[in-house]
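S.K.: Structure, please.
(chains A and B)
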Protein chains: 2
Amino acid sequence: MNDTELPLADDAAHEAADSQLDRDDRLKPAFVDAVLAAVEDGDVETAHDLVAPLHPADIADLFELTPEDRRRELAAAIGDLVDADVFAELNDYVREDLIDALDARQVADIASELDTDDAVAIIEDLDADDQREVLRAMEPDDRAAIEEALSYPEESAGRLMQRDLVAVPEHWTVGDVLDYLRGDEELATDFWEIFVVDPAHRPVGTCALSWILRTPRRIAIGDVMKREQTLIPVDMDQEEVALRFQKYALISAAVTDASGRLVGMITVDDVVHIIQEEAGEDTLLLSGAGDGDINEPVVESYKARVRWLVANLFTALVASSIIAAFEGTIQRMVALATLMPIVAGVGGNAGTQTLAVTVRAMATNQLTQSNTARAIWREIRVALLNGGTIAAIIGVGVSVVFANGALGAVIAAAMMTNIVIAGLAGVAVPVALERMRADPAVASSIFVTMTTDSIGFLAFLGLATAAGLTG
Amino acid sequence: MNDTELPLADDAAHEAADSQLDRDDRLKPAFVDAVLAAVEDGDVETAHDLVAPLHPADIADLFELTPEDRRRELAAAIGDLVDADVFAELNDYVREDLIDALDARQVADIASELDTDDAVAIIEDLDADDQREVLRAMEPDDRAAIEEALSYPEESAGRLMQRDLVAVPEHWTVGDVLDYLRGDEELATDFWEIFVVDPAHRPVGTCALSWILRTPRRIAIGDVMKREQTLIPVDMDQEEVALRFQKYALISAAVTDASGRLVGMITVDDVVHIIQEEAGEDTLLLSGAGDGDINEPVVESYKARVRWLVANLFTALVASSIIAAFEGTIQRMVALATLMPIVAGVGGNAGTQTLAVTVRAMATNQLTQSNTARAIWREIRVALLNGGTIAAIIGVGVSVVFANGALGAVIAAAMMTNIVIAGLAGVAVPVALERMRADPAVASSIFVTMTTDSIGFLAFLGLATAAGLTG
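M.R.: Model prediction:
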């Protein structure tokens, strides 16, 4: 080997990059500051040297950690280090901002270097005029691939797939495949499985490269391949693609069009970030925080969130009107006003717990019609135990502090009622929304909170009135 | 090819299995019912025929959808179909339940057929006595591998890794590697990359199989491999392993011990379910729902959740005591009791939105010390816009409905205050918890809700008193 120097240099660079990361693989604040200080001082060389050892994913992080108004300056300073791979890793909002500063020719160059799916991710966010201009600046082949991808719905398998894949006929031997792979210079360089197709280009099997490597040349590929394949329809939603990859532990999968022909391939590394996003999305959806991206422009965050707060305001009026109906009772015993938020609040929390469990179980396909009745019954039992415990604590506490056993009994009964209703609502609301083909995570929490607030006030104030506490 | 019959049979079976799944890849309720009915009737053959075409992941789902008290009966009926792969796919609680019915010999047989990581997942949940018995029933080799894995902390890379991997010395040529792969019968059958090691068995590079396939035999593997590798320390927490796989789009990665020696390999399919779990976990943690597994025994769910509800009860007392301080004011103007939950509730929702965004940004390493100040300032701006909108609506509404402009002004000011404080608390609380090395998702929502409840009541009742509304 004649390149003993090179590995050493590489290793040293890699170690330098390591020292810029904390133990959670995040760029250290001191490093980010050093880069930005160099950029500010116009010391382009230092900035370049600092950033050069970083992985593209870390360079992308660096941009995200840089204040908005300094990102273009940073891009100008480190120049060629901001390559196509960095663009592929960038947060959508940050990328849009950087791309706005480039002309169509530059964007086309970046897109040409990427796999179809990454190029599409960059181009689909451009407005129609820019999109046309960038596409016009691309090579006809790349352009056709991207235009076809853009013809599929957003967030579908068609946008996610790569066109570069290895497909061979079933009658080939392992030797034919090996010769083909070694001979064709045009092939994609990273692939993990090859697809076997019939004369109509319909996939009939999949073969892991490790099997090909371990099989004698004379054996037919049709005898090595796995016939049981998981095919992805080109119009399948990316969330379902992600669930399918996860469920069947796939490394890559063939994408087929309506007539069953092989049109592309999705690999697991393109799916991993979707699994992460879709699983994390529920946290944001349940709170009504929209996309919840910290790089989203303030006005867009405002628009997404205020809609939800207004809805919350109106449902709060329902609870408020229930209190209004008991104004006379409160006037006679103002302690009720002091205690009523406890009944509503703890009930609300119990409802949120059940809701979180239910929404997660639905998102991971663990809760279906087959076990819904059982899940409801399970939540009722948990609620009875929780309700019993909390009711006992608050009941005894209020009896002692207010020296009023009847008040203690009333709050205990109201708490028990509200926690059981919360358990029911926490399952029933998302299940009902799903039956209506709505996303159970989106509107559930507003209905559950409205229920627990209303029942909390109604049960407590109603029981207090009925028990003649104030009379 | 002499097996033209076989593929047809396979395809038909696969299609039959497909028809048992709905479009979200979930088993259809009618199918589950049909299997259970056959089991109930003692019609073992029909049950077996129905289940046979299913993928192991779907057979595992079938058990999860079957009522607890009928799972063992189902296992007995479909017998050999419940193989090691099915056990590897089963939910922890369901698996424990089924394993309790097996003797140590049977568990040992199942574990022996699996990769180390899957075998460990099954054995680590057994109690100490059963564990010893199962290990004693295993082959010495398998046993040693599992005992070593069990010596690493739970949820660490050491438990997640497989020991079966391909490692070759740097001086080998591609031809040497090809001959070795074809010659060694003992090798693991599914792998995507091979690792190149130095004489001390430390990894120096990684080589994708597709590169080996496309390189002439005479080239040294050291010239083909990628030297920049992402190594996983054997004691790294699985959450960090998952983030690292995601960030660097890894297919597999070498696991090294403290001295840098290659001890195992983690592949992306073992990591995908962790990415999903960890990302979804925040939804559960924020609500205090514990593991949030719908197969968890009721008493364990109760224990996990009631702790949180009790904590919530005590923080609710803080808000309650603030109301108590204003009892005189409420007595004079009972409408305040009607309106105060609106201020607290909408503020709470605004706080939950910011909290969800912050916790997600932290979990995905997007929020670090470098951009915390910017994130806080961003949330304040969103809060000012949200607060302005909601305050205007409720202010005008209350002024009109109560024919009291001063009351409208007071509730508007209180709402504005509470939403801005909510925005601050929604970022500050999780950031503070993380600085204290606590999981920001775990206790944040209780502090944020306590803040928004307290500030909501204090601002509204305090301003009402100060404005002399009641007097």
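S.K.: so A:G423 touches A:R378, yeah?
M.R.: No. In this structure A:G423 lies outside contact range of A:R378 using CB atoms under 8 Å: 9.2 Å. Using the backbone N, CA and C atoms, a C-beta is placed for each residue, glycine as well.
S.K.: Have a look at these two and say which one is more surrounded.
M.R.: Each of A:G423 and A:R378 has its neighbours counted (other CB atoms under 10 Å in any protein chain shown); A:G423 has more, 26 against 22.
S.K.: Could you list the low-pLDDT ranges of the stretch 101-250 of chain A?
M.R.: For the stretch 101-250 of chain A, the stretches flagged by pLDDT under 70 are A:185-189.
S.K.: got the residues of it near chain B?
M.R.: Neighbours of chain B within the stretch 101-250 of chain A, by CB under 8 Å from any CB of the partner chain: A:178, A:181-182, A:187, A:189-192, A:204, A:208-216, A:220, A:222-223, A:227-228, A:240, A:243-250.
S.K.: Among those, which lie within strands?
M.R.: A:204, A:208 (DSSP state E).
S.K.: what ranges do the strands span in the stretch 251-400 of chain A?
M.R.: A:252-256, A:262-267 (DSSP state E, counting those that start in this stretch).
S.K.: Need those strands in a markdown table (columns: mean pLDDT and mean neighbour count).
M.R.: Output for these, formatted as a markdown table (pLDDT from 0 to 100; neighbours: other CB atoms under 10 Å in any protein chain shown):
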| stretch | mean pLDDT | mean neighbour count |
| --- | --- | --- |
| strand A:252-256 | 95 | 25 |
| strand A:262-267 | 94 | 24 |
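S.K.: Could you dump those into CSV and include distance to A:R163?
M.R.: Output for these, formatted as CSV (distance: least, CB to CB, whole Å):
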stretch, distance to A:R163
strand A:252-256, 9
strand A:262-267, 5
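S.K.: nearest to chain B, of those?
M.R.: Set against chain B and scored by CB to the nearest CB, the strands of the stretch 251-400 of chain A come closest in strand A:262-267, at 8.3 Å.
S.K.: and the closest one, what does it pack onto?
M.R.: helix A:157-160, strand A:193-197, strand A:252-256 (3 or more CB pairs under 8 Å, 6 or more residues apart in numbering or on different chains; DSSP states H and E).
S.K.: Can you name the next helix or strand after the first one?
M.R.: Where DSSP states H and E defines the elements, the next helix or strand beyond helix A:157-160 is strand A:167-169.
S.K.: Can you list the buried residues in that following strand?
M.R.: Buried residues in strand A:167-169, defined by neighbour count with 16 or more other CB atoms under 10 Å in any protein chain shown: A:V168.
S.K.: Show me what that strand is in contact with.
M.R.: Identification of contacts with strand A:167-169 by CB atoms under 8 Å, 6 or more residues apart in numbering or on different chains yields A:176-177, A:180, A:194-199, A:201, A:203, A:221, A:262.
S.K.: Filter the residues you listed down to just the buried residues.
M.R.: A:177, A:194-197, A:201, A:203, A:221, A:262.
S.K.: sorry, back to before: quick one: which of the helices and strands packed on strand A:262-267 is nearest A:Q106?
M.R.: Closest to A:Q106 of those, according to CB to CB: helix A:157-160, at 22.6 Å.
S.K.: And that closest one, what does it pack against?
M.R.: Applying 3+ CB pairs under 8 Å, 6+ apart, we find helix A:157-160 packed against helix A:116-123, helix A:140-150, helix A:238-247, strand A:262-267, helix A:268-287.
S.K.: Buried deepest among these, which one?
M.R.: The highest average neighbour count among these, using mean count of other CB atoms under 10 Å in any protein chain shown, belongs to strand A:262-267 at a mean of 24.
S.K.: Let me see the residues that make contact with stretch A:437-452.
M.R.: With CB under 8 Å, 6+ apart as the test, stretch A:437-452 has contacts from A:281-282, A:285-288, A:308, A:311-312, A:315-316, A:318-319, A:344, A:347-348, A:350-352, A:355, A:358-359, A:362-363, A:418, A:421-422, A:425-426, A:429-431, A:433-434, B:345, B:349.
S.K.: can I get the CA coordinates of that stretch in CSV?
M.R.: Only the C-alpha atoms of stretch A:437-452 are listed here, as CSV (Å, rounded to 0.1, in the frame of the first residue of the first chain):
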residue,chain,number,x,y,z
ARG,A,437,-60.9,8.7,9.6
ALA,A,438,-59.4,11.7,11.4
ASP,A,439,-55.9,11.7,13.0
PRO,A,440,-56.6,10.7,16.6
ALA,A,441,-53.6,12.8,17.8
VAL,A,442,-54.9,16.1,16.3
ALA,A,443,-58.1,17.0,18.1
SER,A,444,-58.3,14.5,20.9
SER,A,445,-56.8,16.5,23.7
ILE,A,446,-59.1,19.4,23.3
PHE,A,447,-62.2,17.1,23.6
VAL,A,448,-60.7,15.2,26.5
THR,A,449,-59.8,18.4,28.4
MET,A,450,-63.2,19.9,27.8
THR,A,451,-64.7,16.7,29.2
THR,A,452,-62.6,16.6,32.3
